[in-house]
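K.L.:
fold the following, please.
(2 chains)
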Amino acid sequence: MRAALLSPLSFVGILILWEAVARAGWVSPLVLPAPSRIWDGLVILFTADWFPQHVWMTTAETLIGFFVGGVAAIALGILMVNVQLFKEVIYPYVVAFQVMPKVVLAPIFITWFGFGMESKVVMAIAISFFPVVINTVVGLESVEENELLLMRSLVASRGQVFWKLAWPTALPSIFAGLKTSLTLALIGALVAEFVTAKEGLGTLITTFSFELKVYLVFAVIVVVSVLGLVLYGIMEVLERKIVFWRRSRFTG
Amino acid sequence: MEANAGAIGVSAVSKVFPSGLEALRAVSVDIQPGEFVSFVGPSGCGKSTLLKLVGGLLEPSAGEVTVGGRKVSGPRRDVGVMFQTSVLFPWRTVLENVLLPIEVFGLERAAALDKARGILRLVGLDGREGAYPRELSGGMQQRAALSRVLITDPPIILMDEPFGALDEFTRERMNLELLRIWGERGQTIIFVTHSINEAVFLSDRIVVMGTSPGRVLAVVDVPLARPRSIEVMKSPDFARTAFEAREYLGVAR
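P.N.:
Residues are numbered from 1 along each chain as shown, chains lettered A, B, ... in the order given. Sure, this is the predicted structure:
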């Protein structure tokens, strides 16, 4: 209750302090523009007719990357759990890829897939893919011995065991992976845009930085943060609807 | 239902796990249709293993298990199994959990609805059919698990310490209700427990088992009339039978 009140209050406090420091001229506006100036930047962005297409581009790249990567990752996870040979062959690659900082691939993807949307989508897929694979595998393997025995005692088919038991058991874990991966997909799209792009919020950030319009850079950062929050929020709502039993399962 | 559909034969059954653990050695038990038999013994006496062998969930290393006169070669749909935990799926309501076997068997769900509701009434869960397992107490969860077994009318029910995780009061109430349902339907029940009193109270016969390797030490007849109420626990026959079982268990040490 107190935290619910103190947290927003502290935010307002920081903004006031920040504004005061900026107005007193202690910090150059090229380094840290005042909140009021950033607000001006936001007004400029949202009144400009060229702005929505940039927001749309980054959102589209993120979502397409997320969906394609998510579906492929879940499919790969299912395959790995059900085909032992597949798991033994593929799993080392998955782990090796997992520890590799995938941003290093961005310039290569631009070379391979061009300056347009495709290279950003591929980057979003690459960076968001593996948490879902691993969470799918872990989720599917968390079926309990007695649950499996119950299904066996009913002489359930492989398909029934999967759809009636393994898949719902894995869903909470898969959703946790998807939530992480949506945020990662946004990072992937932005990083690829940083490297080279015609459109997108990442492009705006690099362009405004070159032009020394730091208040606009900050305004775009605010937009990106809100975008990330909104996407995450949507996933939270979906998660609560679809895996409504999750909390009880893990907290007893 | 065939006349001997509920008969169970265990003859010279041994079970050695791949790890080398000898869980059972030369166990033989014959169980009549409609009989209530308990397996009692300390942890590691192989009573749960024996139950799984009868249910076709494990294969014997030697010997033979028959159900209804036929050799058991795998799980069978005329044998219902109940575990120490309720194993209810948290994403299904009580009613949906009870209907799980109907779905797996590929039977008409709509046709089984009334039956499911009737069984839930029988076990005292009417009004809770739309609840999720997490909203139920441990006793209620086991009632739901029992309903899930009863929905397919199996002539044989295997129960692996089904009330072992419940408190004493709930356990006694569940015992009474189990006896009432069994009295109405007359299934063959094998009941695994490590409570001697529970075994005496419920059973026609008690198979007393010992450890390393798991084996049958004795089979004790329970000379108590049916139907039984909690009162029988006061009777000298109850005390004598429980003591007899305890003595066999004491010999094992």
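
K.L.:
chain A contacts on the stretch 51-200 of chain B?
P.N.:
Contacts of the stretch 51-200 of chain B with chain A, taken as CB under 8 Å from any CB of the partner chain, map to B:52, B:55, B:57, B:74-77, B:79-81, B:83, B:85, B:87, B:89-91, B:100-101, B:103-105, B:132, B:134. Any C-beta I mention is one placed from the backbone N, CA and C, and that applies to glycine too.

K.L.:
so which of these belong to helices?
P.N.:
B:Lys52, B:Leu100, B:Pro101, B:Glu103, B:Val104, B:Phe105 (DSSP state H).

K.L.:
just the buried residues of these.
P.N.:
Using 16 or more other CB atoms under 10 Å in any protein chain shown as the burial test, those include B:Lys52, B:Leu100, B:Pro101, B:Val104, B:Phe105 as buried.

K.L.:
residue contacts, the first one?
P.N.:
It stands for B:Lys52. When contacts are counted by CB atoms under 8 Å, 6 or more residues apart in numbering or on different chains, B:Lys52 is found next to A:Leu149, B:Leu58.

K.L.:
please repeat the previous calculation with a cut-off of 10 Å.
P.N.:
Shown in contact with B:Lys52 (CB atoms under 10 Å, 6 or more residues apart in numbering or on different chains): A:149, A:152-153, B:15, B:23, B:46, B:58-59, B:75, B:81, B:158, B:160, B:192.

K.L.:
possible to save those as a markdown table with neighbour count, distance to A:Val103 and secondary structure?
P.N.:
Below are these laid out as a markdown table (neighbours: other CB atoms under 10 Å in any protein chain shown; distance: CB to CB, whole Å; DSSP: H, G, I helix; E, B strand; the rest coil):
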| residue | neighbour count | distance to A:Val103 | secondary structure |
| --- | --- | --- | --- |
| A:Leu149 | 19 | 46 | helix |
| A:Arg152 | 17 | 46 | helix |
| A:Ser153 | 25 | 50 | helix |
| B:Lys15 | 23 | 55 | strand |
| B:Ala23 | 25 | 54 | strand |
| B:Gly46 | 28 | 57 | coil |
| B:Leu58 | 20 | 51 | coil |
| B:Glu59 | 12 | 53 | coil |
| B:Pro75 | 18 | 51 | coil |
| B:Val81 | 29 | 52 | strand |
| B:Leu158 | 27 | 57 | strand |
| B:Asp160 | 22 | 53 | strand |
| B:Val192 | 26 | 57 | strand |
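
K.L.:
so which of the residues you listed sits lowest on pLDDT?
P.N.:
Ranked by pLDDT, those bottom out at B:Gly46, which has 84.

K.L.:
pull the number of nearby residues for the closest residue to it other than its chain neighbours.
P.N.:
Leaving aside its sequence neighbours, B:Gly46 sits nearest to B:Gly214 (CB to CB, 6 or more residues apart in numbering or on different chains; 2.5 Å). Using other CB atoms under 10 Å in any protein chain shown, B:Gly214 has 24 other residues around it.

K.L.:
farthest pair in the ones in helices among the residues of the stretch 51-200 of chain B next to chain A?
P.N.:
B:Lys52 and B:Glu103 (23.6 Å; CB to CB).

K.L.:
do you know how far A:Lys198 is from A:Gln53?
P.N.:
In this view, A:Lys198 and A:Gln53 are 10 Å apart by CB to CB, to the nearest Å.
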